[in-house]
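>>> below are the sequence and a predicted model; questions follow.
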Amino acid sequence: MAHPTADNVEEELQAQVLVWNHIFQFISSMSLKSVVELGIPDVLHRNEGRPICLSGLASLISMPPNRIDYLRRLMRMLVFTGCFANVSKEGEEEKYVLTPVSRLLVKDNDTGVSPFLFFQLDLVMQSPWQSLGKWFHSDQPTSFAKVHGVDIFGMAERSERFNRMINEAMACDSRLMVKALVEKHRDAFVGVKSLVDVGGGTGSLAATIGKAFQWIKCAVLDLPHVVADAPKDGVVDFIGGDMFEHVPPADAVLLKMVLHDWSDEDCVKILKQCKKAIPPKEKGGKVMILDMIVNSKTQDHKATETQLFLDMLMMVDVGGREREEHEWKKIFTEAGFTTYKATHGTGVHSLIELYP
Ligand SMILES: C[S@@+](CC[C@H](N)C(=O)[O-])C[C@H]1O[C@@H](n2cnc3c(N)ncnc32)[C@H](O)[C@@H]1O
Ligand SMILES: O=c1cc(-c2ccc(O)cc2)oc2c(O)c(O)ccc12
């Protein structure tokens, strides 16, 4: 074996920093889960922007004094990664405030993501990752199915707890996205008189659209057992059915984070049903897809990395995928659509308007 030169030792040590950083990524997500469980974002939120010192924070979350230094170390790491800010001066006791990241972890924040965090870090969702390597050699459709013996929708039907978690995770994603839609994509809803949200779950997105754009009559199509659980408030019509068989007629068909669950062939089948449901382009017919366009030119490195993580999530848990623009284009053409307009600018998501 050749002796390492000074240069490649340096390179190896730098590589060790990077590989350890990758290995320890789970510490970042698990530590976030613990601060949410401890109620730290909520306590800081209730203080209305005023900082809280370490000992004050410990007392507000009823932490015994002999644990304070552990709390300081947890917060030091999360301050370093940008989840909280320490606004104390040198030599003073630490004083913390929320950052835009931890503001999204406040439980009574309407657009908060803590249900999404608890869902992703639940043991049922985590265990398929332990078997990912072995899954590549298996004939199972997903690592989730290999580990649990049932696919993710089957698990939701089988376990009320899991069903609640997945619905809450999706609903909180919808609340944040609709805020972006109302602020950034209002024009896309002008002239739309009726809209059906296909795979719209328990209707939180459709209800918010119906309230934000009061001229639109909104409906949801989802599987019968899903719409059976939906809260009926009179704003949204619920239709139990199968999007592969029939989509109810409307000016616009909305598909939010639905196509990423399915193969290209299945997406073509779903889109063909959507095309039958809408009027011609001249009469305002369109399909509105809220999904990801991976690695689009307008994105920064973090956004693309997050999309690639979500693509892995789809592979491991669902058997779906996140798509680049050329992959979307191929599906649209095969489903018989002539033109589309993609608008970026909702974080990792894009709005694609698809015309017959
Ligand atoms: C990932 S969830 C997305 C839910 C919602 N669009 C959102 O973003 O919050 C996919 C939805 O598709 C529904 N779904 C699955 N297969 C379906 C089918 N064949 N017909 C109608 N809906 C279906 C599921 O029940 C689920 O509500
Ligand atoms: O665990 C998930 C997460 C998503 C997801 C990701 C990002 C979004 O903006 C929305 C949703 O979608 C999922 C999904 O479609 C599914 O069938 C199972 C799990 C998840």
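That came in fine, so what should we check first? Ligands and ions are numbered 1, 2, ... in the order given.
>>> residue of the stretch 151-300 of the chain closest to ligand 1, please.
Scanning the stretch 151-300 of the chain for the residue nearest ligand 1 gives residue 199, at 3.0 Å (criterion: Cβ to the nearest ligand atom). Quick note: C-beta positions are derived from backbone N, CA and C, even for glycine.
>>> so which residues on this protein come close to ligand 2?
Applying Cβ under 6 Å from any ligand atom, we find that the chain lies next to ligand 2 at 152, 170, 173, 257, 260, 261, 310, 313, 317, 318.
>>> buried only: go through these for me.
Burial by neighbour count, 16 or more other Cβ atoms under 10 Å: within the residues of the chain next to ligand 2 this picks out 152, 170, 173, 257, 260, 261, 310, 313, 317, 318.
>>> from those residues, which one has the minimum pLDDT?
Note: of those, the lowest pLDDT belongs to residue 173, at 83.
>>> tell me the contacts of that residue?
Going by Cβ atoms under 8 Å, 6 or more residues apart in numbering, residue 173 touches 113, 116, 257.
>>> and it, its phi and psi?
As for residue 173, its main-chain torsions (degrees, to the nearest 10) stand at phi -60, psi -40.
>>> distance of residue 224 from residue 238?
10 Å (Cβ to Cβ, to the nearest Å).
>>> hey, what's in contact with both of the two?
Listed as contacting both residue 224 and residue 238 by Cβ under 8 Å, 6+ apart is no residue at all.
>>> look at the two and report which has more neighbours.
Taking neighbours as other Cβ atoms under 10 Å, residue 224 and residue 238 compare with residue 238 leading, 20 against 11.
>>> can you list contacts of the helix or strand where the more buried one lies?
For residue 238, the host element (DSSP states H and E) is strand 236-240. With contacts defined as Cβ under 8 Å, 6+ apart, strand 236-240 is touched by 196, 203, 206-207, 210, 217-228, 230, 232, 248.
>>> go again using 7 Å as the cut-off
Outside of strand 236-240, the residues within contact range by Cβ atoms under 7 Å, 6 or more residues apart in numbering are 203, 206-207, 210, 218-221, 223-224, 227-228, 230, 232, 248.
>>> so which of these are also by ligand 1?
Residues of the contacts of strand 236-240 in contact with ligand 1 (Cβ under 6 Å from any ligand atom): 221, 223.
>>> wait, residue 252 sits on residue 286?
Yes. With contact defined as Cβ atoms under 7 Å, residue 252 reaches residue 286; the gap is 5.4 Å.
>>> please consider this matter closed, and thank you.
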